[in-house]
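Undergrad: I'd like to go over a predicted model; first the sequence, then the structure.
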Amino acid sequence: MRLPTHKRLMIFSGSANRGLAEEVAAALGMKLGEVEVSSFASSETYIRFSESVRGSDALVIQSHVDPVDHHVMEQLLMIDALKRASAKRITAVAPFYPYSRQDRKARGREPIAAKMLADFYKAAGADRLLSVDLHTGQIQGFFDAPFDHLTALPLLADHLAESLKDDLVIVSPDAGGVRLADKWAEYLGDFHGLNGQVAFLHKRRRHEARNVSETLRVVGEVKDRVCLMVDDMIDTAGTITNGAESLKAAGAAEVLAAATHPVLSGPGVDRLKNAPIEQVVVTNTLPVPPEKQLDKLMVLSIAPTIAQTIKAVFEEESVSELFHGENQR
């Protein structure tokens, strides 16, 4: 008996951001696989794949938007169904890694939810994880199998570089993000010849309330300079709007912002609308519905980046070479 040696790639999408999954499949010259996703009257999720997945390399793409827990469970159930249907290798694609801000015990009696999610993925049957711009790089170590960490930095920087000049200052919204600001400065210098400086905002976050912070002062020279604030996500937009106001108060000529994940919870959209920011550039790792779209908000597609990575993994090629090493944080 001679066994077939060919590999078969199949891509499936959860319900949270099907548009992104369709873009990824189209970039690979493929169509999404068929899967039935429905709910029982009790709100429990039901999953069934409509075609054979036996022996395939199967990917499940799911963005984790509100309600986050529902979309996490939906992806886990899809992974479990693939495992029980004899898929050869299962990759969980989570463009925005859920619970990423709970990556350590900052105070007593707290969970490390990011580690727990990695355990869930493993228990469900995922052989590999793929995500974009993790909140902290150590999350890769929470998952014992291969973890491909993508970055949107080249996508965002290439778009903004056309309108930037050498009077640029790359600003981190807090001291912990200075390394990311350095990488932005290095990339813009190496690939676009821009000699940007780096500054950061001294910020204090309130422990008794979520998503509440206070910008105390600007560390670095920003007077009469164009300031580009960079971060991994914009949630309620409190950090970015407070930062923009502090930069303007310090004499910044113009403020721009770039972030990978447009969470845009609660007052986020209104805050951005009223903030002294000329342009905000994000990606579609999370869907931005029409009611959250603004004239100053530019959404770039991360689909080609994810598609290139999937192709490299499937063909056993290097992933880090796709990003010139920028995906290592």
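TA: Ah, there it is.
Undergrad: State the mean pLDDT of stretch 126-133.
TA: Summarised as a single mean, pLDDT over stretch 126-133 is 97.
Undergrad: Helices of the stretch 1-150 of the chain, start to end?
TA: 18-27, 68-84, 113-124 (DSSP state H, counting those that start in this stretch).
Undergrad: would a markdown table of these with distance to residue 317 be doable?
TA: Every C-beta, even on glycine, is put in place using the N, C-alpha and C of the backbone. Listed next are the helices of the stretch 1-150 of the chain as a markdown table, based on distance: least, CB to CB, whole Å:
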| stretch | distance to residue 317 |
| --- | --- |
| helix 18-27 | 16 |
| helix 68-84 | 24 |
| helix 113-124 | 24 |
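Undergrad: Identify whichever of these lies nearest to residue 255.
TA: Of all these, it is helix 18-27 that lies closest to residue 255, at 28.3 Å by CB to CB.
Undergrad: Against which helices or strands is the closest one packed?
TA: strand 9-13, strand 57-61, helix 303-314 (3 or more CB pairs under 8 Å, 6 or more residues apart in numbering; DSSP states H and E).
Undergrad: Next, the angle from the second one to helix 303-314.
TA: Using axes from the mean of the first three to the mean of the last three CA atoms, to 10 degrees, the inter-axis angle of strand 57-61 relative to helix 303-314 is 150 degrees.
Undergrad: before we move on, what about the first one?
TA: With the same axes, to 10 degrees applied, the angle from strand 9-13 to helix 303-314 works out at 140 degrees.
Undergrad: Give the buried residues for strand 9-13.
TA: Neighbour-count burial for strand 9-13 flags 9, 10, 11, 12, 13 (criterion: 16 or more other CB atoms under 10 Å).
Undergrad: Return the distance of residue 98 relative to residue 63.
TA: 10 Å (CB to CB, to the nearest Å).
Undergrad: Between the two, which is the more surrounded one?
TA: Each of residue 98 and residue 63 has its neighbours counted (other CB atoms under 10 Å); residue 63 has more, 26 against 21.
Undergrad: What residues does that one make contact with?
TA: 14, 16, 17, 20, 71, 94, 95, 96, 285, 286, 287 (CB atoms under 8 Å, 6 or more residues apart in numbering).
Undergrad: Just the buried residues from those, in PyMOL please.
TA: Those of these that count as buried under 16+ other CB under 10 Å are selected in PyMOL with:
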select buried, resi 14+16+17+20+71+94+95+96+285+286
